Each structure stands twice: as C-alpha cells, then as structure tokens.
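> Test case, fold it:
(2 chains)
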Amino acid sequence: MIKLENLERSYPLGKENLEIEEGDFVSIMGPSGAGKSTLLHILGMHDHGWRGEYFLGETAVHRLKPKERATLRNEQIGFVFQQYHLLDDLTVYENLDIPLSYRRYSKSERAALVADMLDRFQIVGKKDLYPRQLSGGQQQLVGVARAIIAEPKLLLADEPTGNLHSGQGEEIMELFRKLNDEGMTIIQVTHSEKNASYGKRIIQLRDGWVVPNNSTS
Amino acid sequence: MLDRNQAVTEIATMEENIYDSLASRRLTMTLLGVFAGLALALASIGLYGVMALIVAQRTRELGIRFALGANRADVLRLVLGQGAVLVGLGLAAGLLGAFIASRALRSVLYNVASLDTAAMTGAMLALSLVAFVACFLPAWRASLVDPIEALRME
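Model prediction:
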C-alpha cells in the first residue's frame, strides 16, 4: 500500500526505503528526535518538505501538486493525534462532522455517518458535550472516531495513547486491533513496547534512519 | 453717492464675495471630512487588529482544520465569515446611530433631507470595502498556516 524510495528530508530524516502492505499494522518506534512523527506527517501528507518517491497504492504522491495531495489525503487517510486535537468550541457531534464537511458529503449523509459513528463508539449520550467535559480516554475515542468517520484506508496515529493512563490506552489499542481486523491499514508511532505488540510489525528509527531487519509478528 | 476722493479697495466679484463669506463653513466641512476619514482609518486599523488577533488565537484550530481536510479556500471562508459578522454588527449599530442622530438634527436642517439614502448607501459600501480589505489580509495569512507548526502549539 505504501512504498517509499529514497525518501529524504533535511532534518531529522535520512534516506528512507520502506514498504507497508495493505492491511498491515505497523508500529514505528525509536528515541525522541529519531524522526518518527516527521515520517508519519510525511505519510499523512501534512509535511511536503521532502525529496524522493512516495507511492500510496498506485498513486505517485511525489508527482502530485499540493491540491491533489490534499484530495488524496482526504480520500484515503485518517489521522489520530497524541493531544487529541479536538476543537474546543465544538461539541462531540460537531467535531465528528468536521472532516465530513471538508469532504463535500451531503447534509443527510453527514448526519447518518455521525450518528453511525456515535453508535459504533457508544458515545451517543455524549454527543452534545464539549471536549473539556470528557476524560482523556473519551476525548481520544472521539479523536479516533473522527479519524475514521470518512472511511479512510490508512489510519496514522501519532502516539495515540501518550496522554492516557494504561486502561484507557488498552481500550484504544483494542479498538485499533479491531479496525485492523476489519481491513484498515494502521501505522502508529509509539514509545510503548506493549502498544507496539498490538501491531504486526515494528519499524525502528534511529537518528532519522530505519534500522533494518527489526520486525516482529 | 460715491465719494470720488475715497480710494477703492478690495475689489471683488459677487462670486468671490460669496466664496469668502463661506470660508468658515468650508473649513468646518473640510475638518469634518478629515476627521471622518481619520475615523474610517482608525476603524479599519482596529478591525485589522481584531482580525489579526483572532487569527493568531485560532492558529492551532486552523492547523487542526487543515489536518482534517480543510483547504485554503475553506479557511479563507471561515475567517472572512467571522469578519463579515463583525462588520455586519458594526454597520447595523452605525446605521441605527445615524438614524437617531439624523432625527435629532432634523430641526436645524433647512432644505436638506435628514436621511440621505444615497449618501448612507455610499458610506456603507465604502466602509464594507475597507472592512473587507482589513479582514482579507489576516484571512489570507490564516490560509497559509503550516498545519504541522500549528499542531505543535498548545
């Protein structure tokens, strides 16, 4: 699904070659400053300051214009942040609706998808609450729901449990495993060996370079 | 009878005499215009400052919106929309103030309508145009927010 060839960024990434199959669940690990989040933001097409070749499916991302990249990202990628990054002034319902509003769904389609997601994540009762009224775990649950509401093929998560206590973290990781079982490709950045063990494969980064032959099953 | 022994001074046409007699009123009108222009400039700078502050405070939010799929046009629309609400409220308050002031001034006006629709419309259009420019610059800057930098903000 993802193929990087000689992908290079001045700092902190070196020249990367990487292949990730569809349906994979990859954990990127490594010390702080190794370039994990940078790699994730490049894959998520938030970061454009790189050279080399990046294929997402059959699409050569490196040949796309910024607008075309944004369209591709909206169609195929969901992103979960460590800090949740919910919009403080919007309710849970409105937060879930935001990605759909930028993807030109009709109003009725949006309402149906949000209702479905609230139901699936069992947060119907919290739809009118604001993020500050939720626990960290609940906020991240909304963050994950928001990331997958537009049905992306690839879910990128930057230390999704970094701000949660272990019980909440496990809940999120179980959710990731379930999504992966349903066919979603997941790439997460994590410091936790335990969280990494939920995935199928670990990629180690050191000083901006992928450490070869470091995989688990 | 004119006294032929008196020297004739300050010779002027009737137009010149009328013009001179209106000098003090003209000065008042000029000053009024200058102060109105200053008020417009100050209001525009104030609006620009408010919009720039709002954009700066919302940088993180705009970064999140970009990361969630918003494009530059979406963000431009969002910020300009917020500016339009402010301008709309200002214009409504101004219109109400002008209406009240014109009613109060009605008794001292002669041969002039207290509410000049054309002047009012012109002033509103001019103010809207200036306000649009004052809002557009911060909105344009907002549309150039780097999502990664914005997401790092707390």
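> how far away is residue A:194 from chain B?
Between residue A:194 and chain B the distance, using C-beta to the nearest C-beta, to the nearest Å, works out to 26 Å. (C-beta placed from N, C-alpha, C; glycine too.)
> who in chain A is up against chain B?
Contact residues, chain A versus chain B (C-beta under 8 Å from any C-beta of the partner chain): A:41, A:44, A:46-47, A:67, A:70, A:73-74, A:79, A:81, A:83, A:85, A:87-88, A:98-99, A:102-103, A:146, A:150.
> Would you mark the buried spots in the longest helix along chain A?
What stands out as the longest helix in chain A, according to DSSP state H, is helix A:166-181. Neighbour-count burial for helix A:166-181, counted by 16 or more other C-beta atoms under 10 Å in any protein chain shown, picks out A:168-173, A:175-176, A:179-180.
> Let's see that helix as CSV, backbone CA atoms only.
Output for helix A:166-181, consisting of C-alpha atoms alone and laid out as CSV, is shown next (Å, rounded to 0.1, in the frame of the first residue of the first chain):
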residue,chain,number,x,y,z
SER,A,166,-2.9,2.4,30.9
GLY,A,167,-6.6,1.3,31.0
GLN,A,168,-7.6,3.9,28.5
GLY,A,169,-4.6,3.1,26.4
GLU,A,170,-5.5,-0.5,26.2
GLU,A,171,-9.0,0.4,25.1
ILE,A,172,-7.7,2.5,22.3
MET,A,173,-5.2,-0.2,21.2
GLU,A,174,-8.0,-2.9,21.3
LEU,A,175,-10.0,-0.5,19.1
PHE,A,176,-7.1,-0.3,16.7
ARG,A,177,-6.7,-4.0,16.6
LYS,A,178,-10.4,-4.3,15.7
LEU,A,179,-10.1,-1.7,13.0
ASN,A,180,-7.1,-3.6,11.6
ASP,A,181,-9.0,-6.9,11.7
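> Looks like residue B:40 contacts residue B:130 (just checking).
Yes. Counting by C-beta atoms under 8 Å, residue B:130 is a contact partner of residue B:40 at 6.3 Å.
> Quick one: the helices in chain B, in order.
For chain B, applying DSSP H gives helices covering B:14-21, B:23-57, B:59-67, B:72-105, B:117-142, B:147-152.
> so does the fourth one get close to chain A?
In other words, helix B:72-105. Yes. Figure legend: helix B:72-105 in contact with chain A (C-beta under 8 Å from any C-beta); contacting residues residue B:74.
> quick one, that helix and helix B:23-57 angle?
Orientation check (axes from the mean of the first three to the mean of the last three C-alpha atoms, to 10 degrees): helix B:72-105 against helix B:23-57 gives 150 degrees.
> which one in chain A is furthest away from the centre?
Distance from the C-alpha centroid of chain A peaks at residue A:108, with 26.3 Å (C-alpha atoms, centre = their mean).
> where's that one relative to residue A:123, distance?
Residue A:108 sits 21 Å away from residue A:123, going by C-beta to C-beta, to the nearest Å.
> now swap in residue A:92 and tell me
Distance of residue A:92 to residue A:123, given as C-beta to C-beta: 6 Å.
> Find the residues that touch each one of these two.
With contacts defined as C-beta atoms under 8 Å, 6 or more residues apart in numbering or on different chains, the residues adjacent to both residue A:92 and residue A:123 are residue A:142.
> Quick check on those two: which one has the bigger neighbour count.
Taking neighbours as other C-beta atoms under 10 Å in any protein chain shown, residue A:92 and residue A:123 compare with residue A:92 leading, 29 against 19.
> what residues are up against the more buried one?
Under the criterion of C-beta under 8 Å, 6+ apart, the neighbours of residue A:92 are A:118, A:123, A:126-131, A:134, A:142.
> that older thread, so which of the buried residues of helix A:166-181 sits lowest on pLDDT?
Across the buried residues of helix A:166-181, the member with the lowest pLDDT is residue A:168, scoring 87.
> Excluding covalently adjacent residues, which one is nearest to that residue?
The shortest distance from residue A:168 to any non-neighbouring residue, by C-beta to C-beta, 6 or more residues apart in numbering or on different chains, is to residue A:137 (3.1 Å).
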